[in-house]
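*Asks:* sequence below, structure please.
(one chain, ligands or ions: 1)
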Amino acid sequence: MATIDYTDARRARLEVEFHFAAAHRLPRYEGPCFRMHGHNYRLVVAVEGDVDPKTGMVADFGQLKGAVEEHVLARCDHRTLNDFLDNPTAENIARWIWEVLEKPLPGLAEVRLWEIPDSCVIYRGGRGR
Ligand SMILES: [Zn+2]
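*Replies:* Sure thing, here's the model as predicted:
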């Protein structure tokens, strides 16, 4: 029986999901979120690139997970986000995550962050994208 061998490069997107708990308060918000409170955040980090014809991979899932654990979770999980972000809205947290992952994760394509199960922020870097 012949096996299929994909030797031409195709693009693909990898996504990995993470969870962390953190406290924050929104100093510029007039409402309950002005007060210190916490969330169980859900984070999805996406990487895109060409599938290497030799390895058959865009990237190593293990390296992707390790980069997020080292650069994001170690600094966020069971922490107070206001300790390093002045106004840690979901939008600003997503941008911060992008900025700390941009160098260690080549092909970073998207950061999605949920504070509550039905609402998320999507950040793709740069302005207006
Ligand atoms: Zn909140």
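
*Asks:* helices of the protein, residue ranges please.
*Replies:* Assignment of helices within the chain using DSSP state H yields the ranges 61-68, 74-76, 90-101.

*Asks:* pLDDT (mean, whole number) over the second one?
*Replies:* Right, helix 74-76. The average of the pLDDT scores along helix 74-76 is 97.

*Asks:* and it, how far from the chain's centre?
*Replies:* Centroid separation for helix 74-76 versus its chain: 13 Å, with C-alpha atoms, centre = their mean, to the nearest Å.

*Asks:* pull out the buried residues from that helix.
*Replies:* By 16 or more other C-beta atoms under 10 Å, the buried positions in helix 74-76 come out as 75, 76. Every C-beta, even on glycine, is put in place using the N, C-alpha and C of the backbone.

*Asks:* right, and residue 35 touches residue 27 too?
*Replies:* No - contact status for residue 35 versus residue 27: not in contact, 10.5 Å apart, counting by C-beta atoms under 8 Å.

*Asks:* returning to that earlier point: so which of the helices of the chain is the most packed in?
*Replies:* helix 90-101 (a mean of 19; mean count of other C-beta atoms under 10 Å).

*Asks:* end-to-end on stretch 78-88?
*Replies:* This stretch, stretch 78-88, spans 15 Å end to end (C-alpha to C-alpha, to the nearest Å).

*Asks:* identify all contacting residues around that stretch.
*Replies:* Here stretch 78-88 makes contact (C-beta atoms under 8 Å, 6 or more residues apart in numbering) with 20-28, 36, 75, 92-93, 96.

*Asks:* what about 10 Å?
*Replies:* 20-29, 36, 38-39, 41, 73, 75-76, 89, 92-93, 95-96 (C-beta atoms under 10 Å, 6 or more residues apart in numbering).
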